[in-house]
Structures are given as C-alpha cells and as structure tokens.
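K.L.:
my questions concern the predicted model and sequence given below.
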There are 2 protein chains.
Amino acid sequence: MLFVSDNNQEFAALKTRPATMADVGKLAGVSPMTVSRALRPDTSVSTKTREKIEKAAKELGYLIDSNAAGFASRRTGFVAVTIPSINNANFADTLRGLTDGLKQSGLQVLLGYTNYDVAEEERLVEQLLKRRPEAIVVTGGNHTPHCRALLQNAGIPVLEIWDDPADPVDTVIGFSNAGACALIVEHLVAQGHTRIGFLGSDETRDRRGKDRHLGFVEALERHGLVSDRTIFSAIAPSSMREGAACATQLLDRWPDTQAIMCVSDLVAFGAMSQCQRRGLKVPQDIAICGFGAYDLSEFAVPAITTIDVGAGQIGATTAQTVLDRLMGNTPNPSRILLTPKVIVRESSAS
Amino acid sequence: MLFVSDNNQEFAALKTRPATMADVGKLAGVSPMTVSRALRPDTSVSTKTREKIEKAAKELGYLIDSNAAGFASRRTGFVAVTIPSINNANFADTLRGLTDGLKQSGLQVLLGYTNYDVAEEERLVEQLLKRRPEAIVVTGGNHTPHCRALLQNAGIPVLEIWDDPADPVDTVIGFSNAGACALIVEHLVAQGHTRIGFLGSDETRDRRGKDRHLGFVEALERHGLVSDRTIFSAIAPSSMREGAACATQLLDRWPDTQAIMCVSDLVAFGAMSQCQRRGLKVPQDIAICGFGAYDLSEFAVPAITTIDVGAGQIGATTAQTVLDRLMGNTPNPSRILLTPKVIVRESSAS
DNA sequence: TTGAAAGCGCTAACAC
DNA sequence: GTGTTAGCGCTTTCAA
C-alpha cells in the first residue's frame, strides 16, 4: 500500500496501513462507533461486546490513532512546554515534576528548547502552537513582542515559570531570582565577608542570570558594600568552563576577594576547581556559593553552598495549575511564587 | 518533543475556536485549497494571490493546524524517541544531536522517558505509537516481548541506539558498552594496577551498566586478574550518592584496592569525593575512572579519566539515518557502531 | 493557477 | 447498549 503519490518520491512507503476502528469493528462484528466506546473507559458497552472487540483489537495489533481521536474531539491532549536547555538538571527536575503531575490526566507534554534565545523561543512557540496544545508552559517571562502576541492570542492557558515577570501574559509559577540571590549575600555578609565577587554570563541572553546579578548588587548596596567585582562570560549560560575562566579573571584582578557568588552551581563548581588549582583553600581562603541546588554541589569536596529554588516543585505546581485551568476550577490567571531556600554547606561555612 | 502519560479525563473548553483555512480563504477571497497551497513551499500560487493570503493570515493570527494537516496527508511529522532519563547529560547530548539533525526536515521529536524500566518502556512505546510517528528511536536494545512486538509491527523504521543488541529489531546506532569498558581496564592494567574494583548498579534495571560490568570482568580475566571487587547499588542508575556509598563499602572490604572503574562519571565523582573525604589521594593512593565524558569529569579536581562514547554523534547519526530511511535512500536496516575513546586524565595518570 | 469533491480515523450528537 | 449521520481542518485528486 502506497502512501505517497508517484511524483513525490520523498518518504517512500515503508508503512503498511495500520488497522483502523473499522477493521476492528468488522472483525468483531460491530460498528466502528462501538469499538470507539469499548476502547474508552466510562462508556456503556456490554461486557460480551467489549470482550469481542478487545480480542479483535489484539488480533489486529490495533492501537488507537490519538491524533485522529484528538482531531475529532477537538482535544489534542498536548501541553506545550519550552525550556532553555535540555541539558540542565534544574529544568530536568521541573520537567519531571510536570510530566509526573500530568501523567494521570492523559495530557502529554510537547517539549522544545530555546537555547536561551528569545528569537528561537518565538520560532518554537509558533511551532508548538501549530500542534494545538491545550495549554502552554514557557520558562521565563521575557519574550519577543511577536512571541508575546502569539501567546496572548493562543486562546489557551499560558504559564510562565521560573521567573517573576512584572507584566505576565497570564499565569505565573516562579520565584524572584533577585530575591533568591539576596539571600546568599545576606549569608556571606553574616559570615563577615565584605569583598564579594560575582560570576555571571552575558546578560542579554540569560535573563534569569541578569536578575540574579541585580539582586546581588542591591543586597550589597543595602549593606553599603561595593559590587564592582563582577565578571561576565561572553557565553550564556555560563557553565563549568566559564566558571573556571571567570574565576581566574576575578582573582587576577582582585586577589583579595573573600567570597564569590556564582550565577549557578555549575559556574561555582568550575570556579571552585580553579581556586583549588591555584592553591586556594575553600572556604578558608575564599568562600564559594552557587545557585540551583544541583546534585553536584552536594557531593563536591567541599560541598557547595547553594540556593534551592524548588525546581521539581515548580513542575508539580505547574502541572496542577494546568489541570485546574483546563478543568475550569481556577479559570483566572494567578501568580504563584515559591520561596527559595539557602542551603549552607562547607564552601562558605566559617 | 513529547512526553507521554496514560488515562483520560474531562476538561472544560477554555478555547475560542482558532481561525481555519476557510476563514483565511474567505478574508482573502480565495478557496481554502488555495490557502493550503499558498502556505506551503514549492506550490504554484500566483505572487499576488499569495500576498493576499499572507496578509489575511496575518490579520487573523492564523497558524496552520499541524495535526489536521498530518491527519489529511497521513504524515504526522513526528519521530518518537525514548530515553531512560531526562536528567542525564549523555542522553541530553544525544537528544540535542537528534533534534538538531531533524530540524531542517520538519520532523518533530516526540519524547518520553522510561526511568530505566522496561515495563515503563512498553507503556511508553505504546503511547508514542498511538501518535503515529514516522519512525521510532529507542535507547537500548532490551525490551519486553510485547514491546518488541509493538516495535516490529509498527510498520515504521525502528532505531535502537546506545547499545549493540545481539538481536536487533531493525536498525542499530550504538557501540559496545562491554568493549568500551575493556578499554579502561587496558589503561588501568597498563598503569600497573592489578587490584581493580568496579562500582555499578542493579543490573536488571541498568542493562547498559550490566554490559559495562561484563566487559570489565572479561578484560580482567584476559589479564589473569580477579574481578571480585565489585559493589552494586540497589538503586539504578547509580549516581553521585550511590558512588559515594559504594566506594565506602568497597574500601572497607578491600582497603588495598588500587583502582576503581565506575559505571558512570557521576558514580566516579561520588566515589572520588568519598576517597578524598577518607584522606585518600587520587590518583596517588587510588585511581578512579568513569564512563560518559560528562563535563563534570573535565572540571573535577583531579580531572577524571573517562570514556567518550560520542553521545552527540549518536544523535546526529540517528537523525541522518531516520531521514535516509524515510526518504527511501537506505531502505534496509543497518548496524552502525561508533568507537568509544578513552580520555586519560589526572585521576588515573601515574 | 485555482477550485470542487472526497476523505483521512475518529468522536459528538442523536436516534433506536 | 448500539448504530447512524455528520463533520473536525486539512490535503489529495481530479477537473477546469
């Protein structure tokens, strides 16, 4: 059986046509409609008929076509999700919380990653919207104008997560990146540090990183401390490599730095490695703090002080909120802000 | 990408009906069919008509319904992919190679994770197949009988990756986990080590880990060495925590161990941390090797010797192979095996 | 270059 | 409890 016209040779037919409900119905001696009912829960079909149908379906290796079902019922069962990167333990945790929370509902996550680029996000959101998801979850609250318009006009719940945007599109489930960072500064100041550096990354791309830096600056200023010891990598987001390189720059320029706050645990780990290679003892010679509560920080030697923003919890809450919105329980936008927690570990303990 | 879950439930409709091709056609004064043509490349529509249509589409904020389009053309544009875990840098690299390689083709990845569980894989594969993907990529070559049957009867290209199964369903893009591990053993033996331990995880769940252990045992035996210094964590896959715990057990039981081979870099990192906490110097007192070439290993102090299996390359090759299969260039199954490379670093250098 | 008719596989709505 | 009819939004096919 060919699926492709003769003049279009791409995608030659490898498939044999899969069985349909009509095929199953014919074999079971019932109408396709009865098959449709039998294959769904909570539908009235006699036990005998259902058994006949299940036998026939099994015999044919029949699997329902979810696309066709969604098409007919106008419910695709998709929830679109964008994250900045797939290779990031924090977003992976959020994703796990989200998918696990959606598991019972029959909703499926359609995932895309933006590579920390709002232009890419725009393309991605458009592509995802073409699949007619029932809700869309975007990481971050910073979008191109067109992307914003797409989200606003999509006619479905829009959830912005991992952020606290001043002007949200719809519903927000996040936290204040600036506020979280301020907590770390309070901790470092309480430890008696005054010469505190910051390692970040290109702020136009990593918007959450920018907010963290803002929180850092503001918190230092509240204590009357200067905040000029800052190194940004040109690459965003910064990771271990940039952490190591930026730590080198920071220490070369301000050798008397007492503590370094890093935009993420990965940067902190790279920075700490570099300190150790330079013969600096952490925390005796210099304190290091990260952000994100990656496993890495717990098992590093010394273990790294960090911020736990509740990545998994964000995902779980997002799932619940999506379900609430779709079931009409909470038809209105809301703003749910979680409270990040400092986890003090060896790398900054006196 | 798509994540998949089970069951069904009712959702209230929040959506206003999005514009259709008919709406666009009406506004532009043409038939829906002409709109369909205008919105696709390589179709014959006059420039003037196309402009009218694009203007109308823009005005209505029209986005094509990919599900309906796929339904009508019997080409969903989905490529189903299963990976064991979303929170794993190796699989993330493969996924990135895969999605990037598919980007130009208009094919979209539908993703699900199995949590290293073949029963979960079976459910997932079934769920994914219901979306009628044009090809399916599964990580690993170990499946339940029913899952195997599902894959075989799907009528689409099936690609098993990250493995070298003895009896593949269809096409294989992987490497020998056992062979890769043997390379590490050769390296350690060449360094003069004879008392070599292994840290792994529950072998029924982590099949690739099992193969790695097999390769370890065989390689030791080739050198006439004993391979009893082995600790498996009950948790699979092992990560940093288990690496630390299992290293403790190994060192308590065989304090004179000279080198430890770990099932992954994460385990190696946990083990190395534990060694350091016990006052052992790496590599002077004990050598440590990992598997997977995670960033972590490069920036750890000391940097960790590991195996680079070419995770990104597996993804890129998989994408290319999927395209070849779908375009009929390479209609037959093939077996593509990449060659893992040892990266010798400080943790095992003499 | 454009349009009309048919239908993809399924479900909603209404019969019986 | 089961069948019939209609149609979801689009593309295929054929005709003009």
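P.N.:
Received, thanks. Numbers count the residues shown, from 1 in each chain, chains lettered A, B, ... in the order given.

K.L.:
where does the stretch 151-300 of chain A get nearest to DNA strand C, which residue?
P.N.:
Of all residues in the stretch 151-300 of chain A, A:Ile156 sits closest to DNA strand C, at 18.0 Å by Cβ to the nearest atom of the strand. For the C-beta atoms, the positions are set from N, CA and C on the backbone; glycine is no exception.

K.L.:
per-residue confidence at the residue in the stretch 201-350 of chain A that DNA strand C sits nearest to?
P.N.:
Closest contact between the stretch 201-350 of chain A and DNA strand C, by Cβ to the nearest atom of the strand, is at A:Leu326 (14.6 Å). What the model reports for A:Leu326 is a pLDDT of 93.

K.L.:
ok, now the one 10 residues further on?
P.N.:
Turning to A:Ile336, the model gives it a pLDDT of 96.

K.L.:
what are the contacting residues of stretch A:160-179?
P.N.:
Stretch A:160-179 has contacts (Cβ atoms under 8 Å, 6 or more residues apart in numbering or on different chains) with A:91, A:94, A:137-143, A:148, A:151-152, A:157-159, A:207-208, A:211-212, A:214-215, A:218, A:309-310, A:314, A:317-318, A:321, A:325, A:333-340.

K.L.:
so which of those residues belong to strands?
P.N.:
Among the contacts of stretch A:160-179, the members found in strands (DSSP state E) are A:137-139, A:158-159, A:335-337.

K.L.:
of the residues you listed, just the buried ones, PyMOL syntax please.
P.N.:
A single PyMOL command is used to select the members of the ones in strands among the contacts of stretch A:160-179 judged buried by 16 or more other Cβ atoms under 10 Å in any protein chain shown:
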select buried, chain A and resi 137+138+139+158+159+336
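
K.L.:
okay if I get the ones in strands among the contacts of stretch A:160-179 as TSV plus distance to B:Ala303?
P.N.:
Shown next, in TSV, are those (distance: Cβ to Cβ, whole Å):
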residue	distance to B:Ala303
A:Val137	38
A:Val138	37
A:Thr139	32
A:Val158	44
A:Leu159	41
A:Arg335	44
A:Ile336	42
A:Leu337	40
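
K.L.:
so which residues on the stretch 51-200 of chain A come close to DNA strand C?
P.N.:
A:64-65, A:68-69, A:71-73 (Cβ under 7 Å from any atom of the strand).

K.L.:
so which of the residues you listed wins on neighbours?
P.N.:
Counting neighbours by other Cβ atoms under 10 Å in any protein chain shown, A:Asp65 leads these with 20 neighbours.

K.L.:
re the thing from before, so which of the contacts of stretch A:160-179 would count as near chain B as well?
P.N.:
On the criterion Cβ under 8 Å from any Cβ of the partner chain, A:157, A:325 are the entries of the contacts of stretch A:160-179 that sit beside chain B.

K.L.:
just the buried residues out of the contacts of stretch A:160-179, in ChimeraX syntax.
P.N.:
Listed next is the ChimeraX selection for buried residues among the contacts of stretch A:160-179, using 16+ other Cβ under 10 Å:
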select /A:91,94,137,138,139,140,141,142,143,148,151,157,158,159,207,208,211,212,215,309,310,314,317,318,321,325,336,338,340
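
K.L.:
can you pull out the helices in the stretch 51-200 of chain A?
P.N.:
A:66-73, A:89-102, A:118-129, A:145-153, A:177-190 (DSSP state H, counting those that start in this stretch).

K.L.:
any idea how far B:Gln191 is from the closest residue to the residue of the stretch 151-300 of chain A closest to DNA strand C other than its chain neighbours?
P.N.:
Among residues not flanking A:Ile156 along the chain, A:Ala135 sits closest, at 5.3 Å (Cβ to Cβ, 6 or more residues apart in numbering or on different chains). Using Cβ to Cβ, to the nearest Å, one obtains 55 Å as the distance from A:Ala135 to B:Gln191.

K.L.:
the two - which one has more neighbours?
P.N.:
Just comparing A:Ala135 and B:Gln191: by other Cβ under 10 Å the higher neighbour count belongs to A:Ala135, 26 against 17.

K.L.:
these two touch, right, that one and A:Pro157?
P.N.:
Yes - A:Ala135 is within contact range of A:Pro157, at 4.3 Å (criterion: Cβ atoms under 8 Å).

K.L.:
mind listing the shared neighbours of those two?
P.N.:
The contact sets of A:Ala135 and A:Pro157 overlap at A:322, A:325-326 (Cβ under 8 Å, 6+ apart).

K.L.:
format those as CSV; extra columns: distance to A:Met272.
P.N.:
As requested, those are exported to CSV (distance: Cβ to Cβ, whole Å):
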residue, distance to A:Met272
A:Val322, 38
A:Arg325, 42
A:Leu326, 44
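
K.L.:
the residue of the stretch 151-300 of chain A closest to DNA strand C: neighbour count?
P.N.:
22.

K.L.:
how about it, phi and psi?
P.N.:
When quoted as degrees, to the nearest 10, the phi and psi of A:Ile156 stand at phi -130, psi 160.

K.L.:
A:Pro133: what's it in contact with?
P.N.:
A:Pro133 sits in contact with A:76, A:78-80, A:110, A:156, where contact means Cβ under 8 Å, 6+ apart.

K.L.:
what's the closest of the ones in strands among the contacts of stretch A:160-179 to DNA strand D?
P.N.:
Distances from DNA strand D to the ones in strands among the contacts of stretch A:160-179, taken by Cβ to the nearest atom of the strand, are shortest for A:Val158, at 20.3 Å.

K.L.:
circling back: surely the residue of the stretch 201-350 of chain A closest to DNA strand C meets A:Gly106?
P.N.:
No - the pair A:Leu326 / A:Gly106 is not scored as a contact, 11.0 Å apart, by Cβ under 8 Å.

K.L.:
which one's more surrounded, the two?
P.N.:
Taking neighbours as other Cβ under 10 Å, A:Leu326 and A:Gly106 compare with A:Leu326 leading, 25 against 17.

K.L.:
thinking again about what came up before, just put the contacts of A:Pro133 in a markdown table and tack on pLDDT and distance to B:Glu298.
P.N.:
Converted to a markdown table, the contacts of A:Pro133 look like this (pLDDT from 0 to 100; distance: Cβ to Cβ, whole Å):
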| residue | pLDDT | distance to B:Glu298 |
| --- | --- | --- |
| A:Thr76 | 97 | 42 |
| A:Phe78 | 98 | 38 |
| A:Val79 | 98 | 36 |
| A:Ala80 | 98 | 34 |
| A:Leu110 | 97 | 33 |
| A:Ile156 | 95 | 42 |
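
K.L.:
which of those ranks first by neighbour count?
P.N.:
Busiest of the contacts of A:Pro133 [other Cβ under 10 Å] is A:Val79, holding 30 neighbours.

K.L.:
list the contacts of that residue.
P.N.:
A:98, A:102, A:107-110, A:133-137, A:322.

K.L.:
close to chain B: what parts of the stretch 101-250 of chain A are there?
P.N.:
Residues of the stretch 101-250 of chain A lying near chain B by Cβ under 8 Å from any Cβ: A:102-113, A:126-127, A:129-132, A:134, A:149-150, A:153, A:155-157, A:239-241, A:243-244.

K.L.:
any quick ChimeraX command for the buried ones out of the residues you listed?
P.N.:
Buried residues among these (16+ other Cβ under 10 Å), as a ChimeraX selection:
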select /A:102,103,105,106,107,108,109,110,111,112,113,127,129,130,131,132,134,150,156,157,239,240,241,243,244
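
K.L.:
in strands, which of the residues of the stretch 101-250 of chain A next to chain B fall?
P.N.:
A:108-113.

K.L.:
on that earlier part again, any idea which of the ones in strands among the contacts of stretch A:160-179 is closest to A:Met261?
P.N.:
Comparing the ones in strands among the contacts of stretch A:160-179 against A:Met261 with Cβ to Cβ places A:Leu337 closest, at 21.6 Å.

K.L.:
and the residue lying closest to the closest one once chain neighbours are set aside, what pLDDT?
P.N.:
Spatially, and ignoring its direct neighbours in sequence, A:Leu337 is nearest to A:Phe175 (5.6 Å; Cβ to Cβ, 6+ apart). Per-residue pLDDT puts A:Phe175 at 96.

K.L.:
for A:Phe175, phi and psi?
P.N.:
Taking degrees, to the nearest 10 as the convention, A:Phe175 sits at phi -160, psi 170.
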